[in-house]
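1. Predicted structure and sequence below. I'll ask about it afterward.
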Amino acid sequence: MDGGKPSLEEQMKILTIDNDTLQLTKQPAIIKLLNNEPILYSGKIKKINENQWIQERVFIITKENIFNVHKSKVKRQIPFKTIKGLSQNSVSIKKSKPEFTLHIPDEYDYRFSCD
C-alpha cells in the first residue's frame with residue numbers, strides 16, 4: 001500500500017472467482033477468447049459510445065485485462081497497464097444509473113453505465 005491508498009494490484013486481490021456472476025468459467029469458448037486468463041469478475045454492463053448510444057456488453061476482469069465482449073467476440077481488450085485512471089461521472093444519460101469512465105491515454109476512453 002502506498003500512502004494509505006491500495007494499488008490496483010491490491011484492489012484486484014479483493015476480487016475472487018465468486019464474482020463470476022455470469023458463470024463464464026464454465027464456458028470453454030469464452031475462456032479461449034480470454035487466452036485462458038482466469039476470470040476475476042464478469043457481469044453485464046452498458047457501454048456508452050461517442051454518439052451517446054447505449055450498448056449492452058459483457059464486462060470481464062482478469063488479472064491482466066478488462067474485456068468488452070459482445071456476441072461471443074472480444075470487442076476490446078484493455079490491459080491494466082494502459083489505464084491511466086478511473087472516474088465516476090457526475091453527469092449521466094440516465095440520471096439514476098451510476099456511470100464511470102476508464103481513461104486510456106494512447107487510445108480512447110471507455111464510458112460505462114451500470115445498474
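-> Right, received. Where do you want to start?

2. now the chain, which segments are flagged as low pLDDT?
-> By pLDDT under 70, the low-scoring segments of the chain are 1-4, 6, 8-18, 90-96, 115.

3. what about the strands in it?
-> Along the chain, counting by DSSP state E, strands occupy 39-48, 54-62, 65-70, 73-79, 85-88, 99-103, 110-113.

4. Of all the residues in the first one, which ones are buried?
-> What that stands for is strand 39-48. Ile39, Leu40, Tyr41, Ser42, Gly43, Ile45, Lys46, Lys47, Ile48 (16 or more other Cβ atoms under 10 Å). For the C-beta atoms, the positions are set from N, CA and C on the backbone; glycine is no exception.

5. Show me which of those is closest to Tyr110.
-> Of all the buried residues of strand 39-48, Lys47 has the smallest distance to Tyr110: 7.0 Å, by Cβ to Cβ.

6. Enumerate every residue touching the closest one.
-> Counting by Cβ atoms under 8 Å, 6 or more residues apart in numbering, Lys47 touches Ile54, Gln55, Glu56, Arg57, Asn68, Tyr110, Arg111, Phe112.

7. Would you mind checking these for buried ones?
-> Arg57, Asn68, Tyr110, Arg111, Phe112.

8. Go through those residues and name the one nearest Lys75.
-> Using Cβ to Cβ, those come closest to Lys75 at Asn68, 4.6 Å.
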